[in-house]
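Enquirer: my questions are about this predicted structure, shown below with the sequence.
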Amino acid sequence: MAKLYVFGIGGTGSRVLKSLTMLLASGVKLQNDFDTLVPIIIDPDAANGDLNRTADILTKYQSIYNSVGEDNQLFATKILTLKQLLNDKLPSVSDHFKFGMTNTGQKFGEFIDYNGLDKENQALIDLLFSKNNLESDMTVGFKGNPNIGSIVLNKFTDSPEYKEFTRSFNPGDAIFIISSIFGGTGASGFPLLLKNLRLNKPEIENSNIISSSKIGAISYLPYFKVANSNDDNKAIDSTTFFSKSKAALSYYQHSIFDNKETINAFYYLGDYSNNNMPYSEGKSDQRNNAHFLELAGALSIIDFTKDFNSLTESDSTIIKEFGIEPHEGSKLKLDHLGQWSKNQISVPLSKMVLLSKFLNKSLDVLFQNLGEFNKKDNGISREFYNQEFYRSYFLKFIQYFDEWMDEMEDNDVSFAPYHDNQEHDTLLDFVKGKDVERGGFLKKNKASANHIIKEAHTIAKSKKHDDESEPSRFLKILDEVLTTQITKILN
Amino acid sequence: MNNVVASLYDPWFNYELYSDLLNAVYNAFDFQKLGIAYLVVSIVCLLVFYKVLDPIKKPRLKWFLTTVCSGILMLIVCCVLLYNNNEVLMSIASYSPSQPNAINPEYFIIQMAAITFLYGVITAMLLSVLMKYLSAANTKNPF
């Protein structure tokens, strides 16, 4: 069994990791021998809203995984921090997926000790960096300035987290890097990280294994704009996104693609869309809505693990782009996805959506019912719904999942494959384009959530999950029921 | 079975007044037929409830309605049996309200039907204790 280390750089990295976590929770699995995901978020802006939301989602996922154990379909993939991976007690290593960044809580000029330089070197620095660059507060990241990021991030190999990462790396493990090309942190962090990973330094533990390991990466071309960024006083200007992307691509061409075996698989994603994110330079304000392209990015990580064995046979970089089927209208449905993507996410994503809708709309009906699922012995007791697992972890995760789906629907491009006006009696008629008979005069209602409750009772009655803990039984029974219902609906 | 079921009805009637009619029912083995009907009707009603309908919403109310339905069906069975009992029919034909201490046989049939309804409901309720295990969604219904 192997581990996949996923470095998420900057705000985009955090959001793609969030999408990947949602997919893994829904039952999408890493392929080949990969059974463990080690997310590492690199962002100098420790208060970044996207970063903290992703870290919280990952922590909730872990709590659920630890409660239900292995051998589940939902929440099936193990997610570990570096500290958990090594079972280390080192206080210097973070236990919350964040890569510790040192010396970023100051201005860039202070970081390079501009005032301590002699006149000649100050003149050279003035050529490379503007006055605004030197005055730039790095507490919130590099605000779209990769020239700053490339200096500061070059230090991250000195951090305890990097050392722990190299120490835990085993043959067969792989690395995936997520970054955006049009910002500051991601655009500068990706080539630096790649360069350091490919260096074989004897003083770094397992450096020889890491330098020859398979590495995949995704780079985001511009896919959103920043609202009201025409003001000259604002550091982030979305009109420069394309020129920055071109410059970065040109750099990647020389430093990465022209060198064989630097990167094994490279994914591009971008979109001409009109979505405007609220202007924010960082901290808790930087909390962009989830976008469909981040889900596509998460799928590229699954694709990387799928192609992992074939990557070993090729010494050139495999480059992929993401596309969708031709369609009318601005809202994406499941049918608009390519066949592979559809196969990967249709059932798991629909299952999780249905689970959320069921808990929202049908829990009261379930509680009124007098079947086996509500029995403590082989079902789920009423106390379970007030316990920490359900209230603090599971329900919160489902709330994050709903928020993620809603944000993707509100964004441009809108990913809206599900109806959102279901009630208990029409719950199963929720996938757009897959109508389910809602009943009528002398017609059976096939869309009622009663079917879910009845089947859950039948499975509980079969006693096949009696040996499981209550949280695990809860997930296993509902997963079984929902898989059956979703398969019926989609086929 | 004829004796057992008959003993369930005896306490409801003044034997001296109703002996002719009760004997007519007894001699035609109608008590036995009622006994068999109690079992068959209750089991069929409960099978429909626990296996076919197996309701999710308002299960206790629906269970109670099922037992009432079972009682109503038994009431109908009772009326059919008694209106096809020759001796009872002869009593109806020969009944005259002017006779002293005369019992109206149709009133007897109504009394018998009401008692049968009650026993029908009770039988369905008692059999639920066993039949509920056939269900998936109502294994705790009624308790």
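Expert: Noted; the coordinates are in hand.

Enquirer: any idea which helix or strand carries the most centrally placed residue in chain B?
Expert: Central residue of chain B (C-alpha atoms, centre = their mean): B:Thr116, 2.7 Å from the mean position. Applying DSSP states H and E as the criterion places B:Thr116 in helix B:105-131.

Enquirer: stretch A:416-426: which residues count as buried?
Expert: The neighbour-count check on stretch A:416-426 (16 or more other C-beta atoms under 10 Å in any protein chain shown) flags A:Ala416, A:Pro417, A:Tyr418, A:Gln422, A:His424, A:Asp425, A:Thr426 as buried. Using the backbone N, CA and C atoms, a C-beta is placed for each residue, glycine as well.

Enquirer: may I ask which of those comes out lowest in pLDDT?
Expert: Scanning those for pLDDT, the smallest score is found at A:Gln422, 83.

Enquirer: the residue in chain B sticking out farthest from the centre and A:Ile452, how far apart?
Expert: In chain B, the residue that sits farthest from the middle, by C-alpha atoms, centre = their mean, is B:Ser98; the gap is 31.1 Å. Counting by C-beta to C-beta, to the nearest Å, the gap from B:Ser98 to A:Ile452 is 68 Å.

Enquirer: also A:Ala298?
Expert: For A:Ala298, the distance to A:Ile452 - C-beta to C-beta - is 27 Å.

Enquirer: dump the buried residues of stretch A:416-426 to TSV, plus secondary structure and distance to B:Ser128.
Expert: Shown next, in TSV, are the buried residues of stretch A:416-426 (DSSP: H, G, I helix; E, B strand; the rest coil; distance: C-beta to C-beta, whole Å):
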residue	secondary structure	distance to B:Ser128
A:Ala416	coil	47
A:Pro417	coil	44
A:Tyr418	strand	40
A:Gln422	coil	34
A:His424	helix	26
A:Asp425	helix	27
A:Thr426	helix	31
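
Enquirer: could these go into JSON lines alongside distance to A:His465?
Expert: Formatted as JSON lines, those follow (distance: C-beta to C-beta, whole Å):
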{"residue": "A:Ala416", "distance to A:His465": "34"}
{"residue": "A:Pro417", "distance to A:His465": "30"}
{"residue": "A:Tyr418", "distance to A:His465": "28"}
{"residue": "A:Gln422", "distance to A:His465": "27"}
{"residue": "A:His424", "distance to A:His465": "25"}
{"residue": "A:Asp425", "distance to A:His465": "28"}
{"residue": "A:Thr426", "distance to A:His465": "29"}
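
Enquirer: quick one: which of the residues you listed is nearest A:Glu407?
Expert: A:Ala416 (11.3 Å; C-beta to C-beta).

Enquirer: wait, isn't the closest one in contact with A:Glu409?
Expert: Yes: under the criterion of C-beta atoms under 8 Å, A:Ala416 makes contact with A:Glu409 at 4.3 Å.

Enquirer: return every residue with contacts to both of the two.
Expert: Counting by C-beta atoms under 8 Å, 6 or more residues apart in numbering or on different chains, the common neighbours of A:Ala416 and A:Glu409 are A:Lys331.

Enquirer: and stretch B:114-128 with chain A, contact?
Expert: No: Stretch B:114-128 lies apart from chain A when judged by C-beta under 8 Å from any C-beta of the partner chain; the minimum separation is 11.5 Å.

Enquirer: any idea how many residues pack against B:Asn84?
Expert: Neighbours of B:Asn84 under the rule other C-beta atoms under 10 Å in any protein chain shown: 11.

Enquirer: now swap in the one 10 residues further on and tell me
Expert: B:Ser94 sits with 10 neighbouring residues when counted by other C-beta under 10 Å.

Enquirer: contacts only, for A:His451.
Expert: With C-beta under 8 Å, 6+ apart, A:His451 has these contacts: A:Leu428, A:Gln485.

Enquirer: per-residue confidence averaged over the helix or strand harbouring it?
Expert: Assigned by DSSP H and E, A:His451 belongs to helix A:450-461. Mean per-residue pLDDT for helix A:450-461: 91.
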